[in-house]
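Novice: Return atomic coordinates for the entry below.
(chains A, B and C)
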Amino acid sequence: MGSEFIVFLAVAIVAIGAALGMALSRNALYSAMFLILNFACVAVLYLLLNAPFLAVAQVTVYTGAIMVLFVFVIMVLGAEKLPAGESRKEMAWQRPLALGLGVLLLIQAAYVIFTRVVSSSAAKLIDSSPLAIGKALFGPYLFPFEVASILLLAAMVGAVVLTRKE
Amino acid sequence: MNETTPYILLSALLFSIGAISVLTRRNAIMIFMSVELMLNAANLAFVAFARQWGQLDGQLFVFFVMAVAAAEVAVGLALIVAIFRAKRGTDVDDLSTMKN
Amino acid sequence: MQTLILLPILIPLVGMLVNAAFGGRIGGRAAGIIATAAVAFSFGLSVWLFAQIAATPARAIGADFGPWIRVAELNVPYGFRVDALSATMMLIITGIGGLIHLYSIGYMKGDPRTPRFFVYLNLFVASMLTLVMADSFLLMFVGWELVGLCSYLLIGFWFTDIKNAEAGRKAFVVNRIGDVAFVLGLLLIFFTFGSLSYGEVFEKAEAMKGAAAGVLTVITLLLFVGAAGKSAQLPLFVWLPDAMAGPTPVSALIHAATMVTAGIYMLIRSNVLLEHSPIAMQVIAIVGALTAFVAGYAALTQWDIKKVLAYSTISQLGFMVAGVGVGAFVAAQFHLLTHAFFKALLFLAAGSVIHGMEHRAHETGQHGADPQDMRNMGGLRSKMPLTTITFILGGLALAGIPPLAGFWSKDEIIAAAAKEFPIAFALLGVTAVFTAFYVGRQIYLVFFGKARSVDAEQAAESAPTMTIPLIALAVFAVLGGLINLPKGFPGEAWLGDWLAPVVGKEPHEPLNLALAGLFVALAVAAIAGAVGLYRRFTSADSVDPLARLGPLYAVSSRKWYLDEIYRAVIIKPFYMGASFLARIFDLGGIDGIVNGAGRLAAEMSETLRELQTGFARTYGLVMLMGVVAILLYFLVSGGAK
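Specialist: The predicted model follows:
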């Protein structure tokens, strides 16, 4: 427990820092980079949590594909320079409200966690090898699997259609 | 304290940060990225609980979330590009044609 | 045979339908002929029926044409009855009605809406016949209402002048007021006697005698208010002078001979009920006498030839009502008959005079002076001899000069009043003097002296279709007294004996020579006085000699200011109340609430719309708010574990 916790703590701190960096950065590209860092941390955490397959998937799909897409679009649109102006006047109250609500959410979550989360004493070890995941995917989770592939197809078509030049 | 608890706490924290970021940003792409952060936080929680209960289902769920997130990002960015072409800007506050 | 008694009603109805359907195409003259023929036919049938019932011991033929209303204990059949009283009325209605139909053909010549006139006239005859031939109070009420309707239609016949339409409306509304009381009376009758048919009601009333005096008094008073509305008694007579806005034949038929007598008829018909409520009788007598006095007084100073006759009618109706009130039912019916003759005659003759006055205007196309204003008349006896003679005969009959009809009937009532009710007698006596005076005044102003306007100078006698009915009626006005001569004369009290099955046997009275002589002398003196006074009235702009009486004159010529009083006391508050309800309560209040509700909804939605800012971020914020709130709820309520 001890060593795991220390690693966790280190990674967690980096993750939080990256998240905050992403949230506060004025430059879209910097934000994207921060997010990539965050994803990488989460991948490490997956490893800690005995999910090797997911860890690799995280790196491949999230950072490798999704974030690349993000960076690409940011570059294309030249949106790294953000307008630093004020929001419209009637929405000035939104920022503090959002902050407040976020904090509130956090507090509620903490409360739930500390009072309600029932746990067994020890974690059970599970077989999380790719083989096991594969068996599950083509077994009980076959239907969602197929649907997911259709979803990806639809997304692909949609993306093409949306960006077609008239 | 349970060993799962810190993971859940982290997840909640990341989620909150993502939520606040979604609501305070004006750049569409930034908002999108914050949404991804939130999704990730949720994934983390899934995996943590999967380990706690000793079930693989949590991880499988994360798998699907990733797939859906990928699809969603593809379409969403395509939309943003299309809008950018039309409006020359990515300020979401410009997209207020549904006003009143 | 029994079904035949329905024919006199049905035939005018057929005539009405024919004229309604084809009147436009066949023209006024043809429509008039059809209508007159229908009524003449009914007259023939009435005469025949009269002879028929004379042969039967009970002097009545009844026929029941099936059930009409059958609800719980209320059972009213379509029952008709021809008995002594109704047969007499039928003869008047169809006889005088027929003559007036004939007269109208000439009178209404040239009026484009003449066919419709005859439609209404026929409907009126049918309705009035229903009224007198009904065997139950309810069926009579149907006829009652229908004649009221016809009256409204005919008064406002020339409705393009708003005043005529208003007069029609006034008649209908005032009638209605009486009708409310009438219906209440009907309700009480049913409640007390369990039936509305004459036979059953009168039988039961006779059986109950004194025990039911209280209820009977109320019933009879209610019925009397209804009669007051229809027969123009105080205080509901204000509609009749205004009703002169209608064509003169209408005034003659409806407002002299028939419709206004419906109330009297109803009272005489209900004599059984009246006899057992002495208090009601006294009230009726006083009201009748007062009406006679008030109206007679107003007639003294009127300038419109028809208005004089209108007030005269009200006055004479008061005589009849007073007669009923003192228990002289036969005398009242007698006066009803004679009055029908000479008053119809007077109206028709007045119509002839008006026509004569309009003659010049028709010939030259120029607008003339008011043809109904007596100040513009004068010296018409040389231009319209037939009209003059018949008018004078009618007038003298009205004044009560023997041996004309009016003398006998009026004298009977006065004699009865002298015996039973001194106060009524005094009022009636003074009124008789007034009557003679205004008759003399009218005759002199219209027919004697010099013509006071160009129209009078160029007046011409009317067509035979108009003068023949005058002559016929004049004959009856002269000889009408013969039907009920006092004791000692040949054929004495014929009418009294004839009506005995209906009103009970009344003793034959001898002629009270002192009383009669007194009143004849007073009448002659009054006429002479009138002639002398108006000798000096030589120009249309002259002042009425009576004006010297100052306020007394004003009260008369302004008709006791009754119209003004009614307007201030009744109409104005009513309008104010109605206006309040309409504007403040309805428009302001209720509409305000309804519109306000609408506006409230609109404004609320306007406000709510603001929530839809159109900014996606706001929506996200709201979503987060929702999430937090739900979470909070679950936490607080100790929800899902």
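Novice: now the helices for chain A?
Specialist: A:2-24, A:28-48, A:52-57, A:67-77, A:94-116, A:130-138, A:142-162 (DSSP state H).
Novice: Kindly report the same for the stretch 51-200 of chain C.
Specialist: Along the stretch 51-200 of chain C, counting by DSSP state H, counting those that start in this stretch, helices occupy C:84-107, C:114-133, C:137-155, C:162-193, C:198-208.
Novice: Format the helices of chain A as TSV; extra columns: distance to residue C:598.
Specialist: Every C-beta, even on glycine, is put in place using the N, C-alpha and C of the backbone. TSV is the format used below for the helices of chain A (distance: least, Cβ to Cβ, whole Å):
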stretch	distance to residue C:598
helix A:2-24	48
helix A:28-48	51
helix A:52-57	60
helix A:67-77	49
helix A:94-116	34
helix A:130-138	60
helix A:142-162	44
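Novice: weakest of these by average pLDDT?
Specialist: Ranked by mean pLDDT, the helices of chain A bottom out at helix A:94-116, with a mean of 79.
Novice: List the buried residues of that one.
Specialist: A:94, A:95, A:97, A:98, A:101, A:102, A:104, A:105, A:106, A:108, A:109, A:113 (16 or more other Cβ atoms under 10 Å in any protein chain shown).
Novice: for whichever residue of the stretch 351-500 of chain C sits closest to chain B, helix, strand, or coil?
Specialist: Going by Cβ to the nearest Cβ, chain B is nearest to residue C:367 of the stretch 351-500 of chain C, at 70.4 Å. Secondary structure, DSSP: H, G, I helix; E, B strand; the rest coil: residue C:367 is coil.
Novice: that older thread, out of the helices of chain A, which is the most enclosed?
Specialist: Here the criterion is mean neighbour count by mean count of other Cβ atoms under 10 Å in any protein chain shown, and of these the winner is helix A:28-48, at a mean of 22.
Novice: Contact partners for the closest residue to the residue of the stretch 351-500 of chain C closest to chain B other than its chain neighbours?
Specialist: For residue C:367, ignoring the flanking residues on the chain, the nearest one in space by Cβ to Cβ, 6 or more residues apart in numbering or on different chains is residue C:361 at 6.4 Å. Each residue near residue C:361 by Cβ atoms under 8 Å, 6 or more residues apart in numbering or on different chains is listed here: C:367, C:368, C:371, C:455.
Novice: What sits closest to the second one if chain neighbours are left out?
Specialist: Closest residue to residue C:368 apart from its sequence neighbours, by Cβ to Cβ, 6+ apart: residue C:361 at 3.9 Å.
Novice: Return the per-residue confidence for the one you found.
Specialist: 75.
Novice: and the helix or strand harbouring it with helix C:84-107, angle?
Specialist: Per DSSP states H and E: residue C:361 is located in helix C:329-364. If you take axes from the mean of the first three to the mean of the last three Cα atoms, to 10 degrees, helix C:329-364 sits at 10 degrees to helix C:84-107.
Novice: after helix C:329-364 comes which helix or strand?
Specialist: helix C:385-399.
Novice: I'd guessed residue C:319 sits against residue C:411; true?
Specialist: No: taking contacts as Cβ atoms under 8 Å, residue C:319 lies outside contact range of residue C:411: 10.8 Å.
Novice: OK, contacts around the residue nearest to residue C:533 when sequence neighbours are not counted?
Specialist: In space, and not counting its chain neighbours, residue C:533 is closest to residue C:545: 4.8 Å by Cβ to Cβ, 6+ apart. Each residue near residue C:545 by Cβ under 8 Å, 6+ apart is listed here: C:533, C:534, C:536, C:537.
Novice: Most neighbours out of those residues, which is it?
Specialist: Neighbour counts for the contacts of residue C:545, by other Cβ atoms under 10 Å in any protein chain shown, peak at residue C:534, which reaches 23 neighbours.
Novice: thought that residue was touching residue C:446?
Specialist: No: using Cβ under 8 Å, residue C:534 is not in contact with residue C:446; the gap is 10.6 Å.
Novice: The longest helix that chain B contains near chain A at all?
Specialist: Identified as the longest helix of chain B according to DSSP H is helix B:57-87. Yes: remark: helix B:57-87 sits within contact range of chain A at B:57, B:59-60, B:62-64, B:66-75, B:77-82, B:84, by Cβ under 8 Å from any Cβ of the partner chain.
Novice: Could you list every helix and strand that that helix packs against?
Specialist: Applying 3 or more Cβ pairs under 8 Å, 6 or more residues apart in numbering or on different chains; DSSP states H and E, we find helix B:57-87 packed against helix A:52-57, helix A:67-77, helix A:130-138, helix A:142-162, helix B:28-53.
Novice: how about these, which one is nearest residue C:4?
Specialist: Of all those, it is helix A:142-162 that lies closest to residue C:4, at 96.0 Å by Cβ to Cβ.
Novice: quick one: that closest one to helix A:67-77, angle?
Specialist: 10 degrees.
Novice: what residues does helix A:142-162 touch?
Specialist: A:137-138, B:64, B:67-68, B:70-72, B:74-75, B:77-79, B:81-82.
Novice: Highest neighbour count among the residues you listed?
Specialist: residue B:77 (24 neighbours).
Novice: how about that one, what does it touch?
Specialist: Neighbours of residue B:77 in contact, by Cβ under 8 Å, 6+ apart: A:69, A:70, A:73, A:159, B:29, B:32.
Novice: Residue C:78: neighbour count?
Specialist: Neighbours of residue C:78 (other Cβ under 10 Å): 16.
Novice: residue contacts, it?
Specialist: Residues near residue C:78 by Cβ under 8 Å, 6+ apart: C:64, C:65, C:66, C:67, C:68, C:139.
Novice: what's the answer for residue C:349, then?
Specialist: Per Cβ under 8 Å, 6+ apart, neighbours of residue C:349: C:387, C:390, C:391, C:394, C:470.
Novice: Which pair in these has the greatest spatial separation?
Specialist: Longest span within these, Cβ to Cβ: C:387 and C:394, 10.5 Å.
Novice: So for the two, which sits in the more crowded spot?
Specialist: The neighbour count for residue C:387 versus residue C:394, taken as other Cβ under 10 Å, is higher for residue C:394 (31 against 27).
Novice: Quick check: that one touching residue C:471?
Specialist: No: using Cβ under 8 Å, residue C:394 is not in contact with residue C:471, being 11.4 Å away.
Novice: Walk me through the domains of the chain.
Specialist: Reading this off chain A. A:1-81, A:126-166 (automatic domain parsing).
Novice: Chain C, not that one
Specialist: C:1-135, C:277-557, C:614-641.
Novice: thinking again about what came up before, what's the closest of the helices of the stretch 51-200 of chain C to chain A?
Specialist: Once the helices of the stretch 51-200 of chain C are compared by Cβ to the nearest Cβ, helix C:162-193 is nearest, at 63.8 Å.
Novice: Against which helices or strands is the closest one packed?
Specialist: Helix C:162-193 packs on helix C:137-155, helix C:198-208, helix C:213-230, helix C:239-242, going by 3+ Cβ pairs under 8 Å, 6+ apart.
Novice: Mind telling me which of those the model trusts least?
Specialist: helix C:198-208 (a mean of 81).
Novice: could you measure the residue nearest the centre of chain A against residue B:41, distance?
Specialist: For chain A, the residue nearest the mean C-alpha position is residue A:39 (6.2 Å; Cα atoms, centre = their mean). According to Cβ to Cβ, to the nearest Å, residue A:39 stands 11 Å off from residue B:41.
Novice: so what's residue C:552 up against?
Specialist: By Cβ under 8 Å, 6+ apart, residue C:552 has no neighbours at all.
Novice: I'd like the next helix or strand past the one helix or strand it maps to.
Specialist: Taking DSSP H and E as the definition, residue C:552 sits inside helix C:551-557. Later in the chain than helix C:551-557, the nearest helix or strand by DSSP H and E is helix C:562-566.
Novice: Quick one: distance of that next one to the chain centre.
Specialist: Mean-position distance between helix C:562-566 and its chain equals 19 Å (Cα atoms, centre = their mean, to the nearest Å).
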